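Next input, structure requested:
(one chain, ligands or ions: 2)
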Amino acid sequence: MYHVLPIRNFSIYLGAIVVLSSIVAWSALSQGVLTLCFLKENSMAGPIPRLSPGDPNSYSRPDLVKVTKIDLDLDVDFDRHILFGTASLDIQRINSTADSLVLDAKDLTIKQVKDEVGSILAHTLDVPLGSFGSKLTIALKITSATVVIEYETSPNATGLQWLNPQQTSGKTHPFLFSQCEAIHCRSVLPCQDTPAVKAPYTATVRVPKEIVVLMSAQRKNVSETEGVYKFEQSVPIPAYLIAIVAGKLDSRVIGDRSRVWAEPDVVEKAAYEFAETDDFLKAAESLAGPYVWGNYDILVLPPSFPFGGMENPCLTFATPTLLAGDRSLTFVIAHEIAHSWTGNLVTNANFEHFWLNEGFTVFLERKINGRLYGEQSRQFAAIGGWNDLEEVVNTLGADNEFTKLNPDLTGSDPDDAFSSIPYEKGSVFLWYLSDIVGNEDFEEWLKTYIKHFQYQSIQTEDFKTHLLNYFKDHRMADKLDQVEWDTWLHGKGLPPYKPSYDYTLAEACTALKNRWVDWIKDGMPQPAPFSPLDIRKFSSMQVVEFLVQIFAENIPEEAIKQMEKAYALNDNHNSEIRLRWMRLCIQGRWKEQVSPALDYATSQGRMKFVRPIFRDLYGWEEMRQKAIDAYYAHKDQWMYMTAYAVAKDLHLEEKKD
Ligand SMILES: CC/C=C\C/C=C\C[C@@H](O)/C=C/C=C/C=C\[C@@H](O)CCCC(=O)O
Ligand SMILES: [Zn+2]
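Ligands and ions are numbered 1, 2, ... in the order given. Predicted structure coming up:
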């Protein structure tokens with residue numbers, strides 16, 4: 001059972017917490033005399049402070065001792081729903097006097113810690129602080145260069161989802177996948193779970209026969225018959241990019257450096273859908289520089305995957321809701337490819353600077369779009385982004401801390417701060433800067449920025465300094481000097497500038513919306529003057545744009561029923577169209593549509609699609625209980641983060657057993 005304890009409540013619990021242990025002398029432990037671990041209660045009272053100087057959400061202290069390489073040796077136990085084995089961490093002393101290594105750990109059982117010569121190292125594991133998990137402190141010897149941690153995960157690890165065969169498409173084999181961003185890697189392995197630390201990794205993973213394992217790394221010496229898989233990621237990456245999947249998987253080649261992976265009955269459809277991958281990669285390289293990761297594969301997961309895509313290096317994780325059958329939703333793949341530079345090479349140093357990952361990536365994703373489908377297509381996609389931005393500011397409230405580009409995440413779970421803000425406000429900011437200096441010069445700067453900061457983790461200030469320095473002698477330098485940095489980075493609500501988009505591709509949507517609005521104003525005379533021809537030439541995203549515009553008009557139930565007659569939107573299974581259609585039906589209080597809307601929201605776990613439906617139904621008092629019942633009936637099918645978020649949307653609070 002999933003438990004939801006909103007983080008704001010923790011200050012109350014913390015007040016009651018006492019320091020428990022101190023029975024055995026630390027010195028005895030650090031000399032390896034005893035193999036003991038303290039379970040230390042946290043003595044903090046009051047609001048949760050920043051957990052470390054560099055990262056509000058990580059206990060780790062890479063400023064003292066830094067992890068430089070990770071070697072995993074793990075067994076996947078599908079019966080017990082755990083991973084067990086060892087994580088060996090190579091370390092570097094940044095501060096020569098440092099005598100301990102501080103790691104993040106969440107719901108992990110730490111069995112033993114040794115160094116590279118097999119001497120026991122003492123460790124303490126503090127009592128967990130909600131989403132942040134526990135601080136794991138390992139006493140180092142002067143000679144220690146590697147710590148070898150024997151551990152196992154919990155069946156409730158928030159970064160893992162274990163599916164039984166019935167929850168898969170093939171229904172024959174169990175399935176496991178991870179989602180470590182933002183701070184769930186600590187539930188998969190003990191690590192410095194801050195994006196400020198980047199390290200290469202290797203892994204050996206053992207699974208039952210017939211199960212295939214993939215990771216966010218290059219595959220090495222695969223011995224499928226033995227069920228032993230080996231991986232190496234030689235490019236240093238932050239912990240949140242470590243990823244694993246294990247299940248009955250098949251693959252198809254879709255490009256010189258690309259395969260698509262999926263369950264066998266999904267793989268052909270996926271190969272068709274993502275056939276343009278190589279074109280995206282080439283366009284991205286022309287904008288951002290060489291692709292350094294070797295292969296670029298895509299994994300299509302079971303429907304409960306909580307996001308559209310996740311940029312795990314070498315292996316993008318993708319939701320099956322992208323499989324529209326007409327390649328209309330592949331902008332998510334362009335987005336994940338763009339992360340190969342912005343996010344995975346140049347990385348936010350902590351999640352307060354998440355817009356450096358996502359705003360840049362949306363900007364680049366739409367540049368790829370423009371290169372392949374033309375400038376009007378890029379402009380149209382950006383208009384959709386602006387719609388999302390307005391919607392999220394409305395939903396969160398224009399005074400919400402999380403509408404800032406650079407929010408304060410002290411004491412906040414990044415999952416709670418997550419929204420379209422860093423994506424869309426961030427990309428509008430870059431659009432604005434590009435408008436100031438000119439498109440070509442901005443593209444040149446972008447390349448330079450990526451090259452300058454590649455393999456590093458940076459903060460917003462680093463970006464600002466680089467940009468201003470690069471353009472200091474530019475003809476538009478004066479205008480750059482006038483940028484309201486504080487408003488952009490620390491201001492709440494909508495940004496201070498709306499680009500002058502080219503609305504050409506949105507015009508047909510607006511014209512159709514106006515016809516509906518006029519007809520409604522005229523009292524909806526019959527026969528209604530609408531037919532399938534109205535949208536025959538629309539792209540899927542133009543249908544979305546039309547529905548978003550009509551949603552803003554708050555039209556009556558009768559008109560929505562007429563729309564169904566004209567356009568048969570109930571039969572349209574494009575996931576983006578379906579979201580807007582179901583929301584429109586709920587807004588119009590069309591009761592018969594509530595069950596299909598809930599079916600849509602519970603048949604997959606992508607939060608972008610699940611949450612608005614539950615939020616809307618919560619707002620419809622008569623249907624609220626139905627939504628709550630559906631939540632309880634389906635929450636165990638979702639991954640932790642979806643269940644957690646929907647519980648919040650429904651204002652439910654559950655307690656940990
Ligand atoms: C200001 C925000 C601060 C922190 C948020 C950081 C991480 C949030 C965490 O919830 C993880 C997010 C992972 C996202 C992965 C993929 C997205 O790009 C998918 C976007 C939505 C979708 O298309 O389904
Ligand atoms: Zn992204």
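
could you point out the longest helix in this protein?
helix 375-396 (DSSP state H).

So the very next helix or strand once past that one, near ligand 1 or not?
Scanning forward in sequence from helix 375-396 by DSSP states H and E, the next helix or strand is helix 414-417. Yes: interface with ligand 1: helix 414-417 contributes Pro414, Asp415, Ala417 (CB under 6 Å from any ligand atom). Quick note: C-beta positions are derived from backbone N, CA and C, even for glycine.

Which strands and helices lie in contact with helix 414-417?
Helices and strands touching helix 414-417, by 3 or more CB pairs under 8 Å, 6 or more residues apart in numbering; DSSP states H and E, are helix 640-649.

Skip the chain neighbours and tell me the closest residue to Gly133.
With CB to CB, 6 or more residues apart in numbering as the criterion, Gly133 has its nearest non-adjacent residue at 2.8 Å, and that residue is Lys106.

and that neighbour, what does it touch?
Applying CB atoms under 8 Å, 6 or more residues apart in numbering to Lys106 gives the contacts Pro128, Phe132, Gly133, Ser134, Ala157, Thr158, His184, Arg186, Ser187.

Contacts only, for the residue in the chain that ligand 1 sits nearest to.
For the chain and ligand 1, the shortest gap (CB to the nearest ligand atom) falls at Gly308, measuring 2.6 Å. Residues near Gly308 by CB under 8 Å, 6+ apart: Ala318, Thr319, Thr321, Leu322, Val332, His335, Arg606, Lys608.

could you redo the last one with a cut-off of 10 Å?
By CB atoms under 10 Å, 6 or more residues apart in numbering, the residues touching Gly308 are 317-319, 321-322, 329, 331-333, 335-336, 575-576, 606-609.

likewise Arg366?
Contacts for Arg366 were tallied using CB under 10 Å, 6+ apart; they are 331, 334-335, 338, 377-382, 384-385, 427, 430-431.

cutoff 7 Å now
Contacts for Arg366 (CB atoms under 7 Å, 6 or more residues apart in numbering) come out as Arg378, Ala381, Ala382.

What ranges in the protein fall below the confidence cut-off?
By pLDDT under 70, the weakly predicted segments of the chain are 1-45, 654-657.

if we can go back for a sec, of the contacts of Gly308, which belong to helices?
Phe331, Val332, Ile333, His335, Glu336, Ser575, Glu576, Met607, Lys608, Phe609.

For the stretch 51-200 of the chain, what lies in contact range of ligand 1?
For the stretch 51-200 of the chain, the contact set with ligand 1 under CB under 6 Å from any ligand atom comprises Glu181, Ala182.

what comes up buried for stretch 474-491?
With burial defined by 16 or more other CB atoms under 10 Å, the residues of stretch 474-491 counted as buried are His474, Leu480, Val483, Trp488, Leu489, Gly491.

gap between the two ends of that stretch?
Chord length of stretch 474-491, first to last residue, is 27 Å (CA to CA, to the nearest Å).

Does ligand 1 have contacts with that stretch?
No: under the criterion of CB under 6 Å from any ligand atom, ligand 1 is not reached by stretch 474-491; the shortest gap measures 11.8 Å.

Now for Lys479: which residues touch it?
Per CB under 7 Å, 6+ apart, neighbours of Lys479: Ile436.

Past the helix or strand encompassing it, which element shows up next along the chain?
Here Lys479, judged by DSSP H and E, is contained in helix 477-481. Elements were assigned by DSSP H and E; along the chain past helix 477-481, the next helix or strand is helix 485-490.

Extract the C-alpha set from that next one and format it as PDB.
Taking C-alpha atoms only, helix 485-490 is exported to PDB below (Å, rounded to 0.1, in the frame of the first residue of the first chain):
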ATOM      1  CA  TRP A 485      17.100  38.800 -14.500                       C
ATOM      2  CA  ASP A 486      15.500  38.800 -11.100                       C
ATOM      3  CA  THR A 487      12.000  38.900 -12.500                       C
ATOM      4  CA  TRP A 488      12.800  36.000 -14.900                       C
ATOM      5  CA  LEU A 489      14.500  33.800 -12.400                       C
ATOM      6  CA  HIS A 490      12.900  34.700  -9.100                       C
END
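
Check which residues of the next helix-or-strand element following that helix are buried.
Using DSSP H and E, the helix or strand that follows helix 485-490 in sequence is helix 504-521. By 16+ other CB under 10 Å, the buried positions in helix 504-521 come out as Leu505, Ala506, Ala508, Cys509, Leu512, Lys513, Trp516, Trp519, Ile520.

List the single closest residue to Phe84 in space, sequence neighbours excluded.
Nearest one to Phe84, counting by CB to CB, 6+ apart, is Glu152 at 3.8 Å.

I'd guessed the one you found sits against Ile82; true?
Yes: if you go by CB atoms under 7 Å, Glu152 and Ile82 touch, sitting 5.1 Å apart.

what are the ranges of the strands in the stretch 151-300 of the chain?
Taking DSSP state E, counting those that start in this stretch as the criterion, the stretch 151-300 of the chain carries its strands at 160-163, 175-178, 199-206, 212-215, 218-223, 228-237, 244-247, 250-255, 258-262, 297-300.

Direction included, what does the third one pair up with?
In this case it means strand 199-206. Applying DSSP bridges, strand 199-206 is found paired with strand 65-77 (parallel), strand 228-237 (antiparallel).

What angle do strand 218-223 and that strand make with each other?
Angle, strand 199-206 to strand 218-223, by axes from the mean of the first three to the mean of the last three CA atoms, to 10 degrees: 20 degrees.
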